[in-house]
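*Asks:* dropping a prediction and its sequence here:
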Amino acid sequence: MLSPAVLPSPVAELPDPGPVLASAGVALRLKRDDLIHATVPGNKWRKLTPNLRAAADLGHTRLLTFGGAWSHHIAAVAAAAAATGFACTGVIRGDELARAPRNPVLAAAEAAGMELVFADRATYRATLRALDKPETRARLEERFGRCYVLPEGGSNALAARGAAEIPRELPGLGPRDVVCVPVGTGGTLAGIAAGLPPGATALGVAVLRGGEGYLEGEVTRLQRAAFGRAFANWRVAHTHHGGGYGRVPPELAAFTEEFERRHDLPIERRYVAKALHCLSDLAAAGAFPRGTRLTAVITGPPDAT
């Protein structure tokens, strides 16, 4: 049984957002979703728990999901499965990783009981592209047995509906508000945008390179699946991926270290830091009108080391 979640998650106002945001006349607050749960934190809780209920209702005993070597989703599924009695398998992108020492994310997933299966990148991509096709599901069931399939990042219609709760926990949202979230697969952004009141907007910051057009299509697809329509109150910035998924270039590391010193708050670097860095650079470039209030969703805890 999963321990109870801390909901709604805290909202932390930053009285000293730093010289860049202050000079731009922009306020910053943090939606501390990283504090929701010890082992299934942040947007993973919001996306996974409705899927776990659905899996149980359908009588499944095994979860099957997909992710990269540093996927927070993989670690969260492993922890959630261990707590709720599901067996679980994670298909990991990159067959070369099978012979490499486990990084902290994969080591934690294995320690929690997840079976790791490593796929070459071409096979991995082809499987995800055709994941909803009956022949793909039949092939997966033949290999892994009957299982509840969670897509990469856990982003599906149920996940988007779970993420739609985030704006409802933010007091006073209105036309001066921008809610910002890092984007890997699009489910959290899809839900946040759908849950916003009129006038408020959402900004997603892509954490992978080369996602222009694709991520926008995924967010739109998820909104239609979850809410029956697409929304026009969001956009994705593709300028702060840092060179690709999982990469933390020196400029991003320096920004993060300064942010951590200023606010005495450790920050996860592969997702959250990229979103915060983007907000800072956009503010410096005058992209936000004076008086804008930015809310950055802290989707997960600092990296394991």
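*Replies:* Ah, there it is. No experiment lies behind these values; they were computed from the predicted model shown.

*Asks:* can you give me the buried ones in the longest helix along the chain?
*Replies:* Under DSSP state H, the helix in the chain containing the largest number of residues is helix 42-57. Of the residues in helix 42-57, 42, 43, 44, 45, 46, 47, 48, 49, 50, 51, 52, 55 count as buried by neighbour count, 16 or more other CB atoms under 10 Å. No exception for glycine: its C-beta is placed from N, CA and C like everyone else's.

*Asks:* after that helix, next one along is what?
*Replies:* Moving toward the C-terminus from helix 42-57, the next helix or strand (DSSP states H and E) is strand 62-67.

*Asks:* re the thing from before, closest one of the buried residues of helix 42-57 to residue 227?
*Replies:* The closest of the buried residues of helix 42-57 to residue 227 turns out to be residue 50 (CB to CB; 14.0 Å).

*Asks:* which residues does that closest one contact?
*Replies:* 158, 159, 161, 162 (CB atoms under 8 Å, 6 or more residues apart in numbering).

*Asks:* cool, residue 106 as well?
*Replies:* 69, 74, 92, 97, 116.

*Asks:* in a helix, that's where it is, yeah?
*Replies:* Yes. The assignment for residue 106 is a helix, going by DSSP: H, G, I helix; E, B strand; the rest coil.

*Asks:* roughly how far does it sit from residue 81?
*Replies:* 15 Å (CB to CB, to the nearest Å).

*Asks:* re the thing from before, restricting to C-alpha, output the longest helix of the chain in PDB.
*Replies:* Provided in PDB are the C-alpha atoms of helix 42-57 (Å, rounded to 0.1, in the frame of the first residue of the first chain):
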ATOM      1  CA  GLY A  42       5.800  15.200  -8.100                       C
ATOM      2  CA  ASN A  43       4.100  14.700 -11.400                       C
ATOM      3  CA  LYS A  44       4.800  11.000 -11.200                       C
ATOM      4  CA  TRP A  45       2.200  10.700  -8.400                       C
ATOM      5  CA  ARG A  46      -0.400  12.700 -10.300                       C
ATOM      6  CA  LYS A  47       0.100  10.600 -13.400                       C
ATOM      7  CA  LEU A  48       0.600   7.200 -12.000                       C
ATOM      8  CA  THR A  49      -2.000   6.900  -9.300                       C
ATOM      9  CA  PRO A  50      -5.000   7.000 -11.700                       C
ATOM     10  CA  ASN A  51      -3.300   4.400 -13.800                       C
ATOM     11  CA  LEU A  52      -2.700   2.200 -10.900                       C
ATOM     12  CA  ARG A  53      -6.400   2.300 -10.000                       C
ATOM     13  CA  ALA A  54      -7.300   1.500 -13.600                       C
ATOM     14  CA  ALA A  55      -4.800  -1.400 -13.700                       C
ATOM     15  CA  ALA A  56      -6.300  -2.900 -10.500                       C
ATOM     16  CA  ASP A  57      -9.800  -2.400 -11.700                       C
END
